[in-house]
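Peer 1: sequence unavailable; structure follows:
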């Protein structure tokens, strides 16, 4: 897996955020996803494998977490 510098990758914010500044942003890179908080883009990011990302999204859609 190639590691990319998070300062030069393109992160996107959900269209559901309606311009709010307290959302997460995601960048899809090869076999992983990079996630960061939009209000602190220089504060670091979390790298998640594609299979873990898919499981997380599935659990969120099922209502597993109180979001």
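Peer 2: Happy to help now that I have it. Just so it is clear, the model here is predicted, and its values are computed rather than measured.
Peer 1: next secondary structure after the strand or helix carrying residue 27?
Peer 2: Using DSSP states H and E, residue 27 maps to strand 24-29. The first helix or strand that comes after strand 24-29 along the chain, using DSSP H and E, is strand 32-37.
Peer 1: that following strand pairs with which strands?
Peer 2: Strand pairing for strand 32-37, determined by DSSP bridges: strand 24-29 (antiparallel), strand 46-49 (antiparallel).
Peer 1: sec struct for residue 8, please.
Peer 2: Secondary structure for residue 8, judged by DSSP: H, G, I helix; E, B strand; the rest coil, is coil.
Peer 1: quick one: it from residue 45, how far?
Peer 2: 12 Å (C-beta to C-beta, to the nearest Å). (C-beta placed from N, C-alpha, C; glycine too.)
Peer 1: so which of these two has more stuff around it?
Peer 2: Comparing residue 8 with residue 45 by neighbour count (other C-beta atoms under 10 Å), the higher total belongs to residue 45, at 19 against 6.
Peer 1: that one is in contact with residue 32, isn't it?
Peer 2: No - the pair residue 45 and residue 32 does not pass the contact test of C-beta atoms under 8 Å, sitting 10.7 Å apart.
Peer 1: of the strands paired with strand 32-37, which stretch is the most buried?
Peer 2: Per-stretch averages of neighbours, counted by mean count of other C-beta atoms under 10 Å, single out strand 24-29 among these, with a mean of 16.
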